[in-house]
Structures are given as C-alpha cells and as structure tokens.
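> predicted model, plus sequence, below.
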Amino acid sequence: MQTALLLLKFAPAFAYIGAGVIAKRYFSLSQAKVAQLLFYVFVPLVVFKGALLSDTASFFLYIALSFGISLAMGLLAGCYRKWFGAQLNVGVLRCTFSYFNIGWFGIPIVYALYGEAAAIVMTGLYVGGMLFGNTVGFLWVTDGHGSGGVLKKLSKIPALYAMALGFALHFSPILPVLSSQAWLMQGLAFGTVATSVLGMGLVGMSVADVSHRAVAWRNVAALLGLRLLTGVVLVGLVALTVHYSGLLQPLAIEVLCLLPILPIAANLLVFTTQTKSDGTFVGVILLASTVLSCVLFAVLQLVGGV
C-alpha cells in the first residue's frame, strides 16, 4: 500500500519527464523555448509569490544559506581535483558539486511531494543558488574570464526583478488587498504548477539525446557519491546549527536538508559551452544526478524520512 501511494506521488513527475523525452525526440519541441518560458515567465512568478507571501526575514535567510552552502561545496570540491582532472577542469568540478537544480527540479518535486509551504522555502533557496551560479559559479567555469560581465548577466535575470517587486508589495499597504484577490492567487498557483510541469519536462528533454557510450561510469559514480557525501555532511552541520539557534522552523530545516540530493543544475551545460570542453561528461553526470535524485527522493518517501 505504501509503495502504491509513493508511485502515485511520483507518477506526475515521471510522466512529465517522459513527456519531455517524447516531445524532444519525436516532435522536435524546442528545448530552448521551454527553458525561455520557464526563465522569463513561470520561475519569476514563483519567486514573486515567495517574496510577496513569505516571511521576509526567513526568505532572506534561505537565500543566504543557499549561497553559503553552494560556496562551501564548491571550495570543498577542490579537494577532489586530482581524481577527476581527466574529465573536468577544476572550475567545472566545483560547479558540479555546488550548483543545485533547485528551480526546475527542486521546486516542482518539493511542491508535488510536500506542499505549498515547502515550495516557498525551496524558492528562497533557489534565489540564493541562482545568485551563486551566475556569479561565483560563472567565474569558476570560465576561470575568471569575462568577470566584467557578471553584473550584466545578473541584470538580465527576470527572477531578480520579480523578487524585488514582490518584496516592495510585501511592505506596501496594498498587501492585504492583493492577498484577497482570488484571481491573483489562482494565477500564482498556476505559475507553481506550470513550473512543475515544464520544469520536469525540461529535465526529460535535456537527457533525450545524451550518448551513453564511452563514458567513464566509475568516475561518474565516484563524483556523484562524493558530491552526495560532502553535501550531507555540510548541510547536516548547517541544519544542526540553525536548529539549535532557533533561526528556522522544522519544515524549513527539513527542506534545507534536501539540498544535497538535488541534481546538478542544467545551466552548467550553458556555462561549459563557453569553454568548449567537458560537454559529454557534463551531460552524462547531469542525467545520472537526475536519476539518482529521483531514486533518493523515492527512498526518503518510503522510509518516511522527511
């Protein structure tokens, strides 16, 4: 019975992933256009909703924790550079450890499995990860070249403007009026659902054409294992700290503890195109980390861990 309920919870997510594979492979649906729709419309809606309706102090804390954890993960990844030097340069290696797929995987799966309140927490973590990925992560992958374009890159992220607008309205006198508007709340709820559908579909599209031949699978397994172990230890220490300090509610701590099992962000593939290297291996570990993440979420559900 428990297994059947678990499958029902995961069925939509796997269906969306499968639909993404089919859409890309057999109908030539543009992966870039789906990504743009998410980037410019639905993810900003989710971020706007989080900034508008969540507790502001907590939301900023989620951002800071996510950014700090990603930074620490990347720095720790440098300890393993000798093991994976044949496949990845050190900057890309750091990003495989530190750049979590929160927006297109974390938010949808948490919303589907744990509900609205958990999705708001994950949204705050997404903003922190987004800021990290487009600043420190970008510099790591490009070995510091093009650092003058970081601010320009940030200025083109719609979710940042959505967050600013959400916070501005949060502190305005019209917040109670906005919160009582059914059409607005329904629209924001639709944004969350659409992010879930399109985000999981994009995961399927991103792995539809990945070649599995001539892959160093032992290195893939070793990298993902070390990434998971490093993340569990680091985030565990952070979670204990915020728990005993009383900074976060139990639900927020539980969602924070999900960070280590999230897959590698698909944006890493965009960054690596600028170095003209690592594409095949990065694509494979992206696929493998996504599959591993689904398995780990399923295990957590079966054992009732979170």
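Structure's in. What do you need?

> kindly list the longest helix within this structure.
Looking across the chain with DSSP state H, the single longest helix is helix 217-245.

> now the element after that one, going C-ward?
helix 250-256 (DSSP states H and E).

> just the buried positions in that following helix, please.
Ala252, Ile253, Glu254, Val255, Leu256 (16 or more other Cβ atoms under 10 Å). Where C-beta positions appear, they are placed from N, C-alpha and C, glycine not excepted.

> wait, what's in contact with Leu165?
Phe48, Ala51 (Cβ atoms under 8 Å, 6 or more residues apart in numbering).

> so for the longest helix of the chain, mean pLDDT?
Helix 217-245 carries an average pLDDT of 94.

> other SSEs contacting that helix?
Helix 217-245 sits against helix 56-77, helix 81-84, helix 90-98, helix 250-256, helix 279-303, with contacts defined as 3 or more Cβ pairs under 8 Å, 6 or more residues apart in numbering; DSSP states H and E.

> out of those helices, flag the one nearest Gly20.
Taking Cβ to Cβ, helix 279-303 is the member of these nearest to Gly20, at 11.1 Å.

> could you give the angle of that closest one to helix 217-245?
50 degrees (axes from the mean of the first three to the mean of the last three Cα atoms, to 10 degrees).

> name the nearest residue to Ser293, sequence neighbours excluded.
Leaving aside its sequence neighbours, Ser293 sits nearest to Pro263 (Cβ to Cβ, 6 or more residues apart in numbering; 4.4 Å).

> give me the neighbour count for that neighbour.
Using other Cβ atoms under 10 Å, the number of residues around Pro263 comes to 27.

> over to Ala117?
Other residues close to Ala117 by other Cβ under 10 Å number 14.

> that one is in what secondary structure piece?
Applying DSSP H and E, one finds Ala117 within helix 116-132.

> that helix - contacts with which helices or strands?
Taking 3+ Cβ pairs under 8 Å, 6+ apart as the contact cut, helix 116-132 packs with helix 43-53, helix 56-77, helix 107-114, helix 158-170, helix 250-256.

> do that again at 10 Å, thanks
Using 3 or more Cβ pairs under 10 Å, 6 or more residues apart in numbering; DSSP states H and E as the contact test, the elements touching helix 116-132 are helix 43-53, helix 56-77, helix 90-98, helix 107-114, helix 158-170, helix 182-207, helix 250-256.

> next, the closest residue to Ala216 other than its chain neighbours: secondary structure please.
Leaving aside its chain neighbours, Ala216 sits nearest to Gln87 (6.4 Å; criterion: Cβ to Cβ, 6+ apart). Of the three states, Gln87 takes coil according to DSSP: H, G, I helix; E, B strand; the rest coil.

> correct me if wrong: Gln87 contacts Arg81.
No. Between Gln87 and Arg81 no contact is recorded; they are 11.0 Å apart, counting by Cβ atoms under 10 Å.

> who has more neighbours, those two?
Set Gln87 next to Arg81 and count neighbours by other Cβ under 10 Å: Gln87 wins out with 21 against 14.

> over to that one: give its phi and psi.
Per-residue torsions, Gln87: phi -100, psi -40 (degrees, to the nearest 10).

> returning to that earlier point: to Met205, which of the helices and strands packed on helix 217-245 lies closest?
Of all the helices and strands packed on helix 217-245, it is helix 279-303 that lies closest to Met205, at 11.7 Å by Cβ to Cβ.

> name the nearest residue to Leu219, sequence neighbours excluded.
No Leu there; residue 219 is Asn. Asn219 sits nearest to Gln87 (Cβ to Cβ, 6+ apart), 5.8 Å away.
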